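Participant: Kindly return the folded structure for what I paste below:
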Amino acid sequence: MKLGYHLGYWGSGPTPGALEAVLEAERLGFDSVWSAEAYGSDAFTPLAWAGASTRRVKLGTNIVQMSARTPTATAMTALTLDHLSGGRFVLGLGASGPQVVEGWYGQPYPKPLARTREYVEIIRQVLAREAPVTLDGQFYQLPLNGGAGLGKPLKPTVHPLRADLPIYLAAEGPKNVALSAEICDGWLPLFFSPKADAFYRNALAEGFARPGARRKPEDFEVPASVPVIVHDDVEEAAGWIKPALALYIGGMGAKAVNFHHDVFARLGYEEVADKVQELYLAGRKDEAVAAIPTSLVEDTSLVGPAAKIREELAAWEDTVVTTLLLRGDAGSLTKVAEALS
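Facilitator: Next up, the predicted model:
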């Protein structure tokens, strides 16, 4: 199993020590470095910044929100970064949720799977550069239907470095996970647990079995963001993770449409997830954090003494996950890499 480093997205400003952590990740032999975006920092710029100081690690977005850019704009940035990095770029895409898509980007959210399919198809055409890009889709039309009526099919002036630049899809629900296996080169899970491995294997198998599926299981990548904290006190380590879990379970989505909540409900924590969401949306955030049991943290993270983490790592190695994406500063990366070795 490979290791990657996840920069995440910024808080109120740039993350202190991020470049030092990127350099340490490359020195330690990590396979990849990843960035993210929500409604603050963007995903592409930190990777360009990190790529200028590194030579080997892959550079991936986890994730670029599709509603933030047209498919061709995303493809242009991807091919640009791939050239500048010498073929190290990985494009991770995601639909996000209705609160961000409609509240921040002002784009419609319905039918995200069909929209994703069209989005990826356009990017593939740009990267292939075999002909002018055209699509008469439900969500995207190139050239545009209507308007001035003067649209012209175009292909990129820049020759992409790789026509097969890898595209990964972030997904939590079974239909979207299956779509990743059908049309993409990898899947980016969030809040993965070895206990849910069979559920996700079945979803991926459905996608691999579809006509025209792009990959087979043996050449499909699954980089999973997994909190890893090496600490003698399990409860204290779990306590550092619980506030982020409360945010995602309780506040990252509307009450009726929160995909993170649903992940934990499927994992057997439906009552906990409901309670956390109720408390969080009522503004009782401290109580929401306190309502998260340590067992939930341990099901989706690796926390505790190094010996405990090494023992539990075996369960992760038996899953579909191919890369563990770690977070933290340069010092913590070194400590975690030693614990996982």
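Participant: Show me the longest helix that occurs in the chain.
Facilitator: Scanning the chain for the longest helix, with DSSP state H as the assignment, gives helix 112-128.
Participant: What lies in contact with that helix?
Facilitator: With Cβ atoms under 8 Å, 6 or more residues apart in numbering as the test, helix 112-128 has contacts from 66, 71-72, 74-76, 78-79, 91, 93, 95, 131, 133-135, 137-140, 142, 155-156, 160, 162-165, 167, 169, 175-176, 179, 183-184. Just so you know, the C-beta spots here come from the backbone N, C-alpha and C atoms, and that holds for glycine as well.
Participant: Would you state the strands of the chain in chain order?
Facilitator: Ranges of strands in the chain, per DSSP state E, are 2-6, 32-35, 58-61, 64-65, 89-94, 135-136, 141-142, 167-170, 186-188, 223-225, 228-230, 302-304, 323-326.
Participant: ok so, going back, in the longest helix of the chain, what counts as buried?
Facilitator: Applying a neighbour-count criterion of 16 or more other Cβ atoms under 10 Å, one finds 112, 115-120, 122-127 buried in helix 112-128.
Participant: same check, this time on stretch 157-173
Facilitator: Residues of stretch 157-173 classed as buried: 160-161, 165-172 (neighbour count, 16+ other Cβ under 10 Å).
Participant: do the same with stretch 177-185
Facilitator: Using 16+ other Cβ under 10 Å as the test for burial, stretch 177-185 gives 177-185.
Participant: got TSV for the strands of the chain, with distance to residue 100 too?
Facilitator: Output for the strands of the chain, formatted as TSV (distance: least, Cβ to Cβ, whole Å):
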stretch	distance to residue 100
strand 2-6	19
strand 32-35	17
strand 58-61	16
strand 64-65	7
strand 89-94	10
strand 135-136	25
strand 141-142	24
strand 167-170	13
strand 186-188	17
strand 223-225	18
strand 228-230	27
strand 302-304	29
strand 323-326	21
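Participant: Which one of the ones you listed lies nearest to residue 104?
Facilitator: Closest of these to residue 104 is strand 64-65, at 8.7 Å (criterion: Cβ to Cβ).
Participant: Tell me how many other residues surround residue 246.
Facilitator: 23 (other Cβ atoms under 10 Å).
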